[in-house]
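Asker: 3D model of this:
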Amino acid sequence: MLIQDLTNGPVQAIYDAGKKITLGRNSSIINTEIEGNLGVDDWSEIRHSILGRHIGIGSFSSVSGVNMGNFCTISARVALGRSEHPTNWLSVCEFQYRDTTSSRHESLPSKYRFHWDSSKRTTVGSDVWIGDCAIIKKGIHISHGSIIGAGSVVTKNTDPYTIVVGNPAK
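Answerer: A predicted model of the protein is given here:
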């Protein structure tokens, strides 16, 4: 099932061809393919991803540009596959790549803004647990059966069935 744009106020469940998606309050799913049952807790966001079956995503989590296997559990406040802030541009201010009209009352015209490299994707194998407040950098591969400890910052690929913790995660 491909979901183009699903944003939710109160908790809702969607049923399609035997699949159930439970979407928590103020959560959203945008341009994402979902293969099976999915539970998304409150205030979480999923964008431009492909998700397998039987996945749970905790509150205040962000999943972007991720290919994920089956039977994965993502805890609360996890940042998975988010873009990295550019450090080699003219400025670190967001005006270079985002329409800032609503926040700064002016913006560069679209033709002058830089665009993110969206070709790098993050992959998460099957049967993976990612603990509270973990950060998985864009383009990383989390292998099958991996466990990512709470508060870890994953900057390198993991081996299958390993536990990594810390900053950087080892």
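
Asker: Which of the helices or strands spans the residue positioned nearest the centre of the chain?
Answerer: Central residue check for the chain by Cα atoms, centre = their mean: the C-alpha nearest the mean position is that of Val63, 0.9 Å away. Using DSSP states H and E, Val63 maps to strand 62-64.

Asker: what's that strand packed up against?
Answerer: Judged by 3 or more Cβ pairs under 8 Å, 6 or more residues apart in numbering; DSSP states H and E, strand 62-64 is in contact with strand 45-47, strand 79-80. In this view, the C-beta of every residue, glycine as well, is placed from N, C-alpha and C.

Asker: What average pLDDT does the shortest one get?
Answerer: Read that as strand 79-80. The pLDDT scores in strand 79-80 average 96.

Asker: just to revisit the earlier point, for the residue nearest to the centre of the chain, name its beta-bridge partners.
Answerer: Ile46, Leu80 (DSSP bridges).

Asker: next one: Leu38
Answerer: Going by DSSP bridges, Leu38 forms beta bridges with Ile21, Ile55.

Asker: quick one: contacts for it?
Answerer: Applying Cβ atoms under 8 Å, 6 or more residues apart in numbering, one finds that Leu38 lies in contact with 19-22, 51, 55-57.

Asker: quick one: it from Ile135, how far?
Answerer: Remark: distance between Leu38 and Ile135 (Cβ to Cβ, to the nearest Å) = 22 Å.

Asker: what's the neighbour count on the closest residue to Ser64 other than its chain neighbours?
Answerer: Distances taken as Cβ to Cβ, 6 or more residues apart in numbering place Arg47 nearest to Ser64, at 4.5 Å, with adjacent residues excluded. For Arg47, the neighbour count with other Cβ atoms under 10 Å is 16.

Asker: Tell me the confidence at Arg47?
Answerer: 93.

Asker: residue contacts, it?
Answerer: Counted by Cβ under 8 Å, 6+ apart, Arg47 has contacts 29-32, 63-65.

Asker: so, if you compare those residues, which one comes nearest to Cys93?
Answerer: Closest approach to Cys93 among those (Cβ to Cβ): Ser64, at 21.0 Å.
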